[in-house]
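Asker: Give me a 3D structure for the following:
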Amino acid sequence: MSKPEESSASKSIALSFYTFLSRVLGLFRDHYMAVSFGTGWIASAFSVAYRLPNMFRNLLAEGTLSQSFMPLYSESGKFSEEEAQIMAGSVLSFLFFLLTLFVALFLLFAPFLLPYLVGGTKDYSDLVIELSFILFFLIMTASLSSIFMAISNSKNRFFIPSLSPIVLNLSYLFIFIFVFRFVEGGLERVKVLSVGIVCGGILQLLIQVVYVKKLGSMPRINFNWRHPAIAKIFKLMLPAVIGGGFYQISLLVDIFLANYIQNHNPGLGAVVSLDYSQRLVQFPTGIIGVALATTTLPAVLNSVRKNETALVPAQLTEVLGFCLYLTLPSALGLAILGKSIIDSIYFGGKWDFSSTETTILPLLFYSLAVPFFSINKVLTSSYYAFQDTKTPLKVNLISFSLSILLSLILMNFLKHAGLAVSSGLASLLTTTLLIMHFPRHGIRIEFRIIIVKIFRMAFPLLLLSAWLVLIQFYLYKSLLDYFYSFGLSHANASRAILSVGMIPAMLLYFGTSYLLGLDDLKIVLNKFRRK
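Answerer: Just a heads-up that it's a prediction; the model follows:
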């Protein structure tokens, strides 16, 4: 008897573990960033300069480009491996040409456009331009890496592609720990850091190339830009990049609006506090949402290729239920323990109590949307399996427009926290519209099953929330004084409180899930047993 194929949810557990290491390293990266630069103008300049290439990195390396490429690469592979390699080589050469042109245009026009976008003093805008010139080359490495990652994923090889962000985070940490000791001054340090990040991006690309070559699937580089697949691929890519990019573009717009708020509220630190709250929310979203989306696409593709679309509703229902099982407690944890989480990771050096207070409210509003951010990644990935990139494009255009409108209104009342509110509401609308349009592909998600799962999760979630509220709002001051009495710093005392809050909360949640026999916990336990 053949070994049964693992479900998408089960496969995503393994990928989540691989991704978890990257996110943990990301927390260390953010800690060193916070204590080194705080929320001052140098940190704000770096956040703005990094946002553009990072937007493309998230857009291309973490989904849209690779998800658009995979169905067509898989289709070419039906004829022969050689045909797939030739097609991939044509795409890579054409993509490299477009990226080179794009970077050149940015370098040409950035000195004239960025000062109007960022405002502030001349020193501030000059630093944003200088750092942008260095960091923008990340677009080249991230985009090319995404093609090689897609090739690996299409062959159900997820481990090495998941190492890509780990390499970038290690490049950060190398600079912070080993290089900064030889560099004095904030300005020089932030420039050295930017160069180190680009070197990390180059290393990312080399690792993916070597692995694909080891798999025997190395693209055969050619300049046949009239290859029949080119037009079809970029026809799919363009709306996919635009549609999938609306979320990333909305984050970019948030940063520029936060920059406007900061310029009119000196000392607020709106740019950095919004940036760091987004990064905290991306911790569960990146582990859960990206992992589920990455493993769902091959599964749905396989069903579509075999004309077994009747299996897709059950696959999506399982994945969405599992996504909620993991993201709902994550959202509650971020919302309730926000202050302790921020102080545990960022406090110290140039990050003080006022920096924490500036960050709490945006984190609260972003955290409530964690389930929707993750679900949207899964739903969008499923549309790509049907080679439908237009529906996500239209949906994201509507949500993006709503987000901008709400941001312009709410920023007058909640300042930068209003940007987080608008982003959360827009993500809820995206989820709703994507689900509503699934019947066009003959897919009807079994909401009855999902609703039953949510009701069964209610008691574990209630226990988890009750414990977190007790720790953060009733015992926080007493616990802080208690840990101070042992000579702990504020950051270490916050970490101790966070442990007292999180560990029992997780035991309560998973323990009651076990007693209630929740199927989603069984997926996790079965994966551990196989390991």
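Asker: what separates the closest residue to residue 286 other than its chain neighbours from residue 31, distance-wise?
Answerer: Nearest residue to residue 286, sequence neighbours excluded (Cβ to Cβ, 6 or more residues apart in numbering): residue 23, at 5.7 Å. Every residue, glycine included, has its C-beta placed from N, CA and C. Using Cβ to Cβ, to the nearest Å, we find residue 23 at a distance of 13 Å from residue 31.
Asker: Over to residue 521?
Answerer: 31 Å.
Asker: next one: residue 207
Answerer: 25 Å.
Asker: Please apply the same query to residue 421.
Answerer: With Cβ to Cβ as the criterion, residue 421 and residue 31 are 27 Å apart.
Asker: Buried residues, the helix or strand containing residue 280. List them.
Answerer: Assigning secondary structure by DSSP states H and E places residue 280 in helix 270-284. Neighbour-count burial for helix 270-284, counted by 16 or more other Cβ atoms under 10 Å, picks out 270-284.
Asker: just stretch 149-159 next, same as before
Answerer: Here stretch 149-159 shows 149, 150, 151, 152, 153, 154, 155, 157, 158 as buried, counting by 16+ other Cβ under 10 Å.
Asker: where along this structure do the strands fall?
Answerer: Shown for the chain, no strands are assigned by DSSP state E.
Asker: burial of residue 310, as a residue count?
Answerer: Look at residue 310: counted by other Cβ atoms under 10 Å, it has 10 neighbours.
Asker: Model confidence score at it, please.
Answerer: For residue 310, the model assigns a pLDDT of 75.
Asker: any idea how far the residue lying closest to residue 289 once chain neighbours are set aside lies from residue 427?
Answerer: The shortest distance from residue 289 to any non-neighbouring residue, by Cβ to Cβ, 6+ apart, is to residue 374 (3.2 Å). According to Cβ to Cβ, residue 374 and residue 427 sit 10 Å apart.
Asker: Now stretch 497-508: average pLDDT?
Answerer: On average, stretch 497-508 scores 97.
Asker: Using PDB, write out the CA atom coordinates for that stretch.
Answerer: C-alpha atoms of stretch 497-508 as PDB (Å, rounded to 0.1, in the frame of the first residue of the first chain):
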ATOM      1  CA  ILE A 497       6.300  38.600  32.700                       C
ATOM      2  CA  LEU A 498       5.800  37.600  29.100                       C
ATOM      3  CA  SER A 499       6.900  34.000  29.900                       C
ATOM      4  CA  VAL A 500       4.500  34.000  32.900                       C
ATOM      5  CA  GLY A 501       1.700  35.000  30.500                       C
ATOM      6  CA  MET A 502       2.400  33.000  27.400                       C
ATOM      7  CA  ILE A 503       3.500  29.600  28.700                       C
ATOM      8  CA  PRO A 504       0.500  28.900  30.900                       C
ATOM      9  CA  ALA A 505      -1.800  30.400  28.200                       C
ATOM     10  CA  MET A 506      -0.400  28.000  25.600                       C
ATOM     11  CA  LEU A 507      -0.800  25.100  27.900                       C
ATOM     12  CA  LEU A 508      -4.400  26.100  28.700                       C
END
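Asker: In that stretch, which of the residues would be classed as buried?
Answerer: Within stretch 497-508, the residues scored as buried using 16+ other Cβ under 10 Å are 497, 498, 500, 501, 502, 504, 505, 508.
Asker: Could you tell me which of the residues you listed belong to helices?
Answerer: 497, 498, 500, 501, 502, 504, 505, 508 (DSSP state H).
Asker: For the residues you listed, which two are the farthest from each other?
Answerer: Farthest-apart pair in these is 497 and 508; separation 16.9 Å (Cβ to Cβ).
Asker: So residue 405 versus residue 347, what's the distance?
Answerer: Distance of residue 405 to residue 347, given as Cβ to Cβ: 35 Å.
Asker: Looking at those two, which is more packed in?
Answerer: residue 347 (22 against 12).
Asker: Can you name the residues that contact that one?
Answerer: 34, 356, 490, 491, 494 (Cβ atoms under 8 Å, 6 or more residues apart in numbering).
Asker: Over to residue 202?
Answerer: residue 141.
Asker: That one and residue 168: what is the separation?
Answerer: 10 Å.
Asker: which residue packs closest to residue 402, ignoring adjacent ones?
Answerer: In space, and not counting its chain neighbours, residue 402 is closest to residue 426: 5.2 Å by Cβ to Cβ, 6+ apart.
Asker: Residue 257 reaches residue 420, doesn't it?
Answerer: No - assessed by Cβ atoms under 8 Å, residue 257 is found out of contact with residue 420, at 11.1 Å.
Asker: who's more crowded, those two?
Answerer: Each of residue 257 and residue 420 has its neighbours counted (other Cβ under 10 Å); residue 420 has more, 27 against 21.
Asker: pLDDT value on the more buried one, please?
Answerer: In this model, residue 420 carries a pLDDT of 94.
Asker: Next: residue 150.
Answerer: pLDDT, residue 150: 85.
Asker: Numbering from 6 from now on, please.
Answerer: Sounds good: first residue 6 from here, last item residue 155.
Asker: Quick check: it touching residue 76?
Answerer: No - here residue 155 lies out of contact with residue 76, judged by Cβ under 8 Å, at a distance of 9.9 Å.
Asker: what mean pLDDT does stretch 100-107 have?
Answerer: 89.
Asker: before we move on, what about stretch 112-125?
Answerer: 89.
Asker: Please identify the buried residues of it?
Answerer: Buried residues in stretch 112-125 (16+ other Cβ under 10 Å): 115, 119, 120, 123, 125.
Asker: Is it correct that the fourth one is in contact with residue 261?
Answerer: Yes - contact status for residue 123 versus residue 261: in contact at 7.4 Å, counting by Cβ under 8 Å.
Asker: Now list whatever residues contact both of those two.
Answerer: Shared contacts of residue 123 and residue 261, defined by Cβ under 8 Å, 6+ apart, are found at residue 53.
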